[in-house]
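>>> structure of the sequence below:
(one chain, ligands or ions: 1)
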Amino acid sequence: MTGTPSISEGFLDDKPEAAADAAATEVPQGPIFASDVNHDYKGAPLLAPYGDGGDLEAFFWANHDGDLIHKWHHYFPVYDRYLSRYRGTPVRFLEIGVFRGGSLAMWRDYLGPDATIFGIDIDERCAVFDGDHAQVRLGSQDDPAFLDRVIEEMGGVDVIIDDGSHMSSHIRASLTHLFPKLSDEGTYLIEDTHANYWGYYEGGHNTASSFISDVKDLIDDLHRRYHTAGTRHPGVAPDLYGMHVHDSVVVLEKRTRLEPPRSSMVGIDRFGQFNVETSAEAG
Ligand SMILES: C[S@@+](CC[C@H](N)C(=O)[O-])C[C@H]1O[C@@H](n2cnc3c(N)ncnc32)[C@H](O)[C@@H]1O
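Below you'll find the model as predicted:
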């Protein structure tokens, strides 16, 4: 192919409105899709691997005969950074967005045989993947009753990856409903958040409807004890331990029973200003 590689080519082929929206906001020399370079996606690695993506990236590039997976290369090291601690454990893992089934095989290979892996999708064709490497359930990520049934069947959930519709309202609905159900020290990862800069996905730059605005709000919520503006996401904020924002991937870490923050001074102040007697010393 010729010309400047486009973010919308291939990725949004089935969504012409979104493709036009993305094209209008693209900057030159944006991300390059493998399909822009060589349309034979079953061939040998088409672009240099992003690097340090570990076993996930290795699985991806070797997946010539497996079910199709679609991943941005730079996600692999991010996944590995937050999810490696679950490998070889009985982690309960939910992926929103099954697509062509290949990512569930990838997660099974990565997490191991003891993991409980479920995938959900609204595309009824995805039922064909049920039982291969994971359980697949059909329903929408913004349907709380459906999500409840899935989580109950899983026996709880430790990790959630939202790779579903990428619609801001859907991401918000899933997060609001599922974050409280995530186990203590669980991980909630939302990917393809670049889509939330595009109108088709209810997004835009500095647009209130965009999920990216929720991410910014959550920074304020994380610091809710230090301002009086209130908490915008009460379902998430109380147990939000930390938030990591990468290019197109947002990771939320949960810790329940977070104590109110305190600070102490320990040691001798050589300048003499803070050398107060402790109650133990006084006693
Ligand atoms: C980006 S693809 C998933 C890619 C897959 N995880 C992978 O890594 O290869 C998005 C999927 O989300 C599904 N989807 C769209 N809207 C949804 C919704 N409301 N609830 C659940 N899944 C949805 C689509 O049918 C599609 O299969």
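>>> for the rest of this, base every contact and every neighbour count on C-alpha atoms.
Fine.
>>> so where's the chain uncertain?
1-51, 277-283 (pLDDT under 70).
>>> before we move on, could you check phi and psi at residue 261?
phi -70, psi 140 (degrees, to the nearest 10).
>>> and it, how many residues sit next to it?
6 (other C-alpha atoms under 10 Å).
>>> quick check: which element contains residue 205?
When secondary structure is defined using DSSP states H and E, no element contains residue 205, which sits outside every helix and strand.
>>> kindly report the same for residue 274.
Using DSSP H and E, residue 274 falls outside every helix and strand.
>>> would you mind measuring from the spatially closest residue to it that is not a sequence neighbour to the ligand?
Here the nearest residue to residue 274 in space, its sequence neighbours aside, is residue 268; by C-alpha to C-alpha, 6 or more residues apart in numbering that works out to 7.8 Å. Residue 268 sits 54 Å away from the ligand when distances are taken as C-alpha to the nearest ligand atom, to the nearest Å.
>>> residue 268: neighbour count?
Burial measure for residue 268: 11 neighbouring residues, criterion other C-alpha under 10 Å.
>>> my read: it touches residue 275, true?
Yes. Counting by C-alpha atoms under 8 Å, residue 268 sits close enough to residue 275 to count as a contact (6.3 Å).
>>> now the strands for the stretch 151-283 of the chain?
Counting by DSSP state E, counting those that start in this stretch, the stretch 151-283 of the chain has these strands, from start to end: 157-162, 182-191, 240-246, 249-254.
>>> most tightly surrounded among those?
Mean neighbour counts were compared across the strands of the stretch 151-283 of the chain using mean count of other C-alpha atoms under 10 Å; the top stretch is strand 157-162, at a mean of 23.
>>> run through who's touching that strand.
Strand 157-162 is contacted from outside by 91-97, 151, 171, 181-191, using C-alpha atoms under 8 Å, 6 or more residues apart in numbering.
>>> restrict these to those near the ligand?
Among those, the ones lying near the ligand by C-alpha under 6 Å from any ligand atom are 96, 97.
>>> what parts of the stretch 1-150 of the chain come near the ligand?
With C-alpha under 6 Å from any ligand atom as the criterion, the stretch 1-150 of the chain comes near the ligand at residues 69-71, 96-99, 102-103, 120-123, 140-141.
>>> next step: those residues restricted to helices.
Among those, DSSP state H puts 102, 103 in helices.
>>> residue 110: which of the residues of the stretch 1-150 of the chain next to the ligand is nearest?
When these are compared for distance to residue 110 (C-alpha to C-alpha), residue 103 wins out at 10.4 Å.
>>> count the neighbours of that closest one for me.
24.
>>> got the contact list for it?
When contacts are taken as C-alpha under 8 Å, 6+ apart, residue 103 is in contact with 68, 69, 70.
>>> how much space separates the second one from residue 100?
In this structure, residue 69 and residue 100 are separated by 7 Å, where distance is defined by C-alpha to C-alpha, to the nearest Å.
>>> same question, the first one
Here residue 68 is placed at a distance of 5 Å from residue 100 (C-alpha to C-alpha).
>>> just the buried members of the contacts of residue 103?
By neighbour count, with 16 or more other C-alpha atoms under 10 Å, these hold 68, 69 as buried.
>>> for the contacts of residue 103, give me JSON lines that also has distance to residue 213.
Rendered in JSON lines, the data for those read as follows (distance: C-alpha to C-alpha, whole Å):
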{"residue": "68", "distance to residue 213": "32"}
{"residue": "69", "distance to residue 213": "29"}
{"residue": "70", "distance to residue 213": "26"}
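>>> how about the helices in this structure?
If you assign secondary structure with DSSP H, the helices in the chain sit at 16-25, 34-37, 54-61, 75-83, 102-111, 144-154, 168-178, 211-222, 279-282.
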